[in-house]
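Trainee: Turn this into a model:
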Amino acid sequence: MSAGERRKDSAEGSSSRSFTSSDHHPPPPPPPQPQPLSRYESQKRRDWNTFGQYLKNQAPPVSLSQCNCNHVLDFLRYLDQFGKTKVHLHGCVFFGQPDPPAPCTCPLRQAWGSLDALIGRLRAAYEEHGGSPETNPFGNGAIRVYLREVKECQAKARGIPYKKKKKKRNNNQLKPSNEEATKVLKQSS
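Mentor: Numbers count the residues shown, from 1 in each chain. Purely as a prediction, here's the structure:
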């Protein structure tokens, strides 16, 4: 074999040896993209980050492990400045009117329903981030009392009573069964 033929064989051999079994298969597909967050999950994350930022901005900053229901109540009161719900004061001529005929200088506040939903999301986020249900500041009784007071105050200011929903009674006890109704109809005819 001449030197030229050896180079040719070695070149062919080296090129044939560079192919691996993976070259015969298509490249693996990219990893699946995570599902986009639901509206609720996005809002919960945004609320959690906002509350965390609020705690960091306190003087001195408050860590999540030091957070208690008083910090949560302060946060809810802080949010009132960004509210869009007109809450008439006791001295306002429109106090107790659901649809006042003219504007007034009463403050804008966070609506009760918005605060209630916010607390629900933060309560869930706290536990998702490792907090125990027993120490959850968002589930504290003081928060429930505050929300109830806000609800009643806003209802009075707007003249709209919030009524407790009555529990549905079991209709089976009140209505006769089809068989009983058929018997009654046969007896009366």
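
Trainee: Now do the helices in this structure.
Mentor: In the chain, the helices defined using DSSP state H lie at 3-17, 39-56, 69-79, 112-128, 141-158, 171-174, 178-188.

Trainee: just checking, what packs against the third one?
Mentor: Helices and strands in packing contact with helix 69-79 are listed as helix 39-56, helix 112-128, helix 141-158; criterion 3 or more Cβ pairs under 8 Å, 6 or more residues apart in numbering; DSSP states H and E. Where you see a C-beta, it was placed from the backbone N, CA and C, and this is true even at glycine.

Trainee: switch to 7 Å and redo it
Mentor: Applying 3 or more Cβ pairs under 7 Å, 6 or more residues apart in numbering; DSSP states H and E, we find helix 69-79 packed against helix 39-56, helix 141-158.

Trainee: Please apply the same query to the fourth one.
Mentor: The helices and strands touching helix 112-128, judged by 3+ Cβ pairs under 7 Å, 6+ apart, are helix 39-56, helix 141-158.

Trainee: go on, the second one?
Mentor: Using 3+ Cβ pairs under 7 Å, 6+ apart, the elements in contact with helix 39-56 are helix 69-79, helix 112-128.

Trainee: Reformat those helices into JSON lines and put mean neighbour count and mean pLDDT next to each item.
Mentor: Shown next, in JSON lines, are the helices and strands packed on helix 39-56 (neighbours: other Cβ atoms under 10 Å; pLDDT from 0 to 100):
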{"stretch": "helix 69-79", "mean neighbour count": "16", "mean pLDDT": "97"}
{"stretch": "helix 112-128", "mean neighbour count": "18", "mean pLDDT": "97"}
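
Trainee: could I get these as CSV with distance to Asn49?
Mentor: Rendered in CSV, the data for these read as follows (distance: least, Cβ to Cβ, whole Å):
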stretch, distance to Asn49
helix 69-79, 13
helix 112-128, 9
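
Trainee: Quick one: closest of the ones you listed to Asn136.
Mentor: Closest approach to Asn136 among the helices and strands packed on helix 39-56 (Cβ to Cβ): helix 112-128, 5.1 Å.

Trainee: Go ahead and name everything in contact with that closest one.
Mentor: For helix 112-128, the external contacting residues (Cβ atoms under 7 Å, 6 or more residues apart in numbering) are 43-44, 47-48, 51, 76, 133, 136, 138-139, 143, 147, 150-151, 154.

Trainee: which two of those lie the greatest distance from each other?
Mentor: Every pair in the contacts of helix 112-128 was compared (Cβ to Cβ); the two farthest apart turn out to be Pro133 and Gln154, at 28.7 Å.
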